[in-house]
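Q: sequence plus predicted model, see below.
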Amino acid sequence: MKIPTTILLALGFSFYFNQYAQVYSALILILVCAYAWFDLGWRDGQTRHLARLTLVFLIVMLLVAVPTLLEIQARRATAAYEHVHDGAIQTEEAAKFLLAGKNPYAENYVHTAMAQWPKYFGLAPRDNPALFYLPYLPLTFIAPLPFHWVFQTALGIFDLRIYHLIVFVSWFCLLFQMTPVRDRKLALAILLALNPLFVPTFIEGRNDVVVLWWFVLALYFVQRRRIALASLTLGLACVVKATAWFAVPFFLVHLWWNGFHEPRAWLARVFAPLLIVGAIFVAPFLVWDARAFVESALWYQSSVYRIAGQGFSRLLLDMGLIANETAAFPFTLLQLVIGVPVLIGLMRWQAARPSLQRMVAATAGLGFVIGYFGRAFADNHIGFGLSLALLAVCLGE
């Protein structure tokens, strides 16, 4: 059954209807009604299509971009640790450390705005391990550096969400290029951009949009058989956040079962771009201080990070099987025991009918399972998996 895109847009808008001033919601509602008029009341044609594209763009910007800009302004009017997520603060501080010639993985964040973040109120620095580890991969804080320099020079301020907004708009426009079917273009853009588990976390400054941008760009290149560029952009996603790593085995399976077999081509166009990207961004920090990098970027979230979110760890904690939020537990072993059979099963399912849709769906499935059985499985992790699942649905076989 084909669902009119008007229904998708109305449902997307309904999640945010009561979060803004009444007059603001009334304005957006007028735009939603105008979209319904073009969607349901006009014959298919170029005018109808352009009108719907324009209205979707306006509605998404009003629901996502404008609230983000207001939060940036509110932070500027109060304090550097207000109206922002601690991960965004730490990323900004990591960029500052790097610009000052200091290793962001070896420094602590005790004397930064992160230590004053409201949710850390009352915690002594020694009781807050988040101040002593940087759990983000290098491109997370390297990519914003040009934007930091431009906005700091021109305006005297920089908020990481300025960079995120630029990435968001680029990603949103790219979504319209992922399918030639007009209604599917609109459905894809509406579902992903108004995902209720994505938008709130984006507005507060979490970085999943950066991974989504690089991942969707990689899919765009795969569609056009630009394999080297696809490998390169997937590699960039992998040095932003570990959630992109789950796509690699399914990316390789997709290429293999779609006739990309020649060994030299694999080396030059698939493995080389992935390895080169990793070497460029990761190797310098391994040389600088390998222990600090491994402990912060790899070990911290799986072994030290507080149990948080809605995953299996929360069930164990509330059942009394884990003593407290910081107690040790072999979550990594649990992820391997459960994740490896799931990985094998998904690869076999993908190979049975290799398609881009199954590649994305398998990535979402494996990421969800590994995340659920990890130490922390927060709302943005669920939102990221949902974004991939919605992307798979809209791509079609």
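A: Here it is on my side, so go on.
Q: who touches the helix-or-strand element of the chain with minimal mean pLDDT?
A: When the helices and strands of the chain are scored by mean pLDDT, DSSP states H and E, helix 263-265 comes last with a mean of 76. For helix 263-265, contacts defined as C-beta atoms under 8 Å, 6 or more residues apart in numbering pick out Ile227. C-beta: built from backbone N, CA, C; applies to glycine.
Q: next SSE downstream of that helix?
A: Moving toward the C-terminus from helix 263-265, the next helix or strand (DSSP states H and E) is helix 272-293.
Q: report the buried residues of the helix or strand following that next one.
A: Toward the C-terminal end, the helix or strand that comes next after helix 272-293 (DSSP H and E) is helix 300-303. Neighbour counts over helix 300-303 (16 or more other C-beta atoms under 10 Å) mark Tyr300, Gln301, Ser302 as buried.
Q: go on, stretch 275-290?
A: Within stretch 275-290, the residues scored as buried using 16+ other C-beta under 10 Å are Val277, Gly278, Phe281, Val282, Phe285.
Q: pick the one among those closest to Phe158.
A: Nearest to Phe158, judged by C-beta to C-beta, of the buried residues of stretch 275-290 is Phe281 at 21.2 Å.
Q: okay but the closest one is in contact with Leu137, surely?
A: Yes: shown here, Phe281 and Leu137 form a contact pair, counting by C-beta atoms under 8 Å, at 7.5 Å.
Q: which neighbours do the two have in common?
A: Val239.
Q: lowest pLDDT pick from the buried residues of stretch 275-290?
A: Ranked by pLDDT, the buried residues of stretch 275-290 bottom out at Gly278 (90).
Q: quick check: it vs Val216, distance?
A: Counting by C-beta to C-beta, to the nearest Å, the gap from Gly278 to Val216 is 20 Å.
Q: now swap in Ala154 and tell me
A: Computed as C-beta to C-beta, the Ala154 to Val216 distance reads 29 Å.
Q: equivalent analysis for Glu92, please.
A: 25 Å.
Q: helices and strands around the strand or helix carrying Gly371, which ones?
A: Assigned by DSSP H and E, Gly371 belongs to helix 356-372. Applying 3 or more C-beta pairs under 8 Å, 6 or more residues apart in numbering; DSSP states H and E, one finds that helix 356-372 makes contact with helix 208-223, helix 247-257, helix 331-352, helix 379-395.
Q: take that helix, keep the C-alpha atoms, and write them as PDB.
A: What follows is helix 356-372, C-alpha atoms only, in PDB (Å, rounded to 0.1, in the frame of the first residue of the first chain):
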ATOM      1  CA  LEU A 356      21.700  -1.600  -1.600                       C
ATOM      2  CA  GLN A 357      18.600  -1.800   0.400                       C
ATOM      3  CA  ARG A 358      19.700  -5.100   2.100                       C
ATOM      4  CA  MET A 359      23.100  -3.600   2.700                       C
ATOM      5  CA  VAL A 360      21.700  -0.700   4.600                       C
ATOM      6  CA  ALA A 361      19.100  -2.900   6.500                       C
ATOM      7  CA  ALA A 362      21.800  -5.300   7.600                       C
ATOM      8  CA  THR A 363      24.000  -2.400   8.800                       C
ATOM      9  CA  ALA A 364      21.000  -1.100  10.800                       C
ATOM     10  CA  GLY A 365      20.300  -4.600  12.200                       C
ATOM     11  CA  LEU A 366      23.900  -5.400  13.300                       C
ATOM     12  CA  GLY A 367      24.400  -1.900  14.800                       C
ATOM     13  CA  PHE A 368      21.200  -2.300  16.800                       C
ATOM     14  CA  VAL A 369      22.100  -5.700  18.200                       C
ATOM     15  CA  ILE A 370      25.700  -4.600  19.100                       C
ATOM     16  CA  GLY A 371      24.500  -1.400  20.600                       C
ATOM     17  CA  TYR A 372      21.700  -3.000  22.600                       C
END
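Q: who's in contact with the residue located most distally from the centre of the chain?
A: When distances are taken from the C-alpha mean of the chain, Arg43 lies farthest, 36.9 Å away, according to C-alpha atoms, centre = their mean. With contact set as C-beta under 8 Å, 6+ apart, Arg43 has no partners.
Q: next up, identify which helix or strand it is on.
A: Arg43 belongs to no helix or strand, assigned by DSSP H and E.
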